[in-house]
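K.L.:
how would this look folded up:
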Amino acid sequence: MCAKLTCLMLGLVLAVTVVAAPSAGAPRQDEAIMRKAVQQFLSDQAKGLPGEVDIALGPIDPRLYLAACPGFEVFLPGGNKAWGKTTVGVRCSEPTHWTVYISAVVHVNGDYVAAVTPLAQGQQLTDRDVAIVHGDLTSLPPGIVTDLSQAIGFTIARSVPAGVPVRQDALRSQQVVLSGQVVHLVSGGEGFKVSAEGRALANASEGQVVQARTAGGQVVSGVAKMGGTIVVTY
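P.N.:
Predicted structure coming up:
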């Protein structure tokens, strides 16, 4: 005979053991198949990223019993991203319900643009100011410039120390129209072209929409182009 409290505790332990243990003959989920699915899921999510993708999955607790699930679903928990340190979920709805989370590290090794020398606000970049560096893009802040053509000729909007990656929000495109500048207003259609002079009412970069005032006082809008030209559309 055991004491009443000892018997009660023993009964609880046995109950937990019975619940946790697999039923006799019940097939277990193949871990290799599940890991392969997670690997493929992260590979698909990383498509289009500018670089070579390397994925490392964390272990699954071997003590977990997951019943075989032919239609399990792989998903990203809310707020998680498919790069850097992340967590991927796998869940089963039928024939049993279970969810397991697997840690992962997704490296994206690629090129990015970094400052060769300190870059000052208002400085227009040349090929002597920046260079291509190769590294893990997931360890860098978002919005990193990855191609020299995205930087050379642009103007620094805020200073960037030497050796630091150049971000897109630290650049502004070269202004091709300045406020108060006399500009060429060009408009046309099928079989005709009209040009006139006007005065720009704001600064604008290549491709930006800007307003100008014609000699007659009319305010028109158009797309800024190199050479102080605004292409007006009516």
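K.L.:
the longest strand in the chain is where?
P.N.:
Taking DSSP state E as the criterion, the chain has its longest strand at strand 98-115.
K.L.:
That strand - what's its average pLDDT?
P.N.:
Strand 98-115 shows a mean pLDDT of 94.
K.L.:
Just want the angle from the very next helix or strand once past that strand to strand 98-115.
P.N.:
As assigned by DSSP states H and E, the chain's next helix or strand after strand 98-115 is strand 130-136. Relative orientation of strand 130-136 versus strand 98-115 (axes from the mean of the first three to the mean of the last three C-alpha atoms, to 10 degrees): 160 degrees.
K.L.:
can you list contacts of strand 130-136?
P.N.:
With contact meaning C-beta atoms under 8 Å, 6 or more residues apart in numbering, strand 130-136 is reached by 107-116, 119, 148, 151-152, 165-166. C-beta coordinates here come from the backbone N, C-alpha and C atoms, glycine included.
K.L.:
Can you flag the buried ones in those residues?
P.N.:
In terms of neighbour count (16 or more other C-beta atoms under 10 Å), the buried residues within the contacts of strand 130-136 are 107-108, 110-115, 119, 148, 151, 165-166.
K.L.:
Closest one of those residues to residue 211?
P.N.:
For these, the residue nearest residue 211 by C-beta to C-beta is residue 151; the value is 28.7 Å.
K.L.:
that older thread, tell me the helices and strands packed up against the longest strand of the chain.
P.N.:
helix 31-45, strand 52-57, strand 84-92, strand 130-136 (3 or more C-beta pairs under 8 Å, 6 or more residues apart in numbering; DSSP states H and E).
K.L.:
partners of the third one, with directions?
P.N.:
When sheet partners are counted by DSSP bridges, strand 84-92 sits next to strand 73-75 (antiparallel), strand 98-115 (antiparallel).
K.L.:
and what of the shortest one?
P.N.:
When sheet partners are counted by DSSP bridges, strand 52-57 sits next to strand 98-115 (antiparallel).
K.L.:
how close does the residue nearest in space to the middle of the chain get to residue 82?
P.N.:
By C-alpha atoms, centre = their mean, the chain has its centre lying nearest to residue 142, at 6.6 Å. Here the criterion is C-beta to C-beta, to the nearest Å. By it, residue 142 lies 14 Å from residue 82.
K.L.:
before we move on, the earlier item: among the helices and strands packed on strand 98-115, which is the most enclosed?
P.N.:
strand 84-92 (a mean of 17; mean count of other C-beta atoms under 10 Å).
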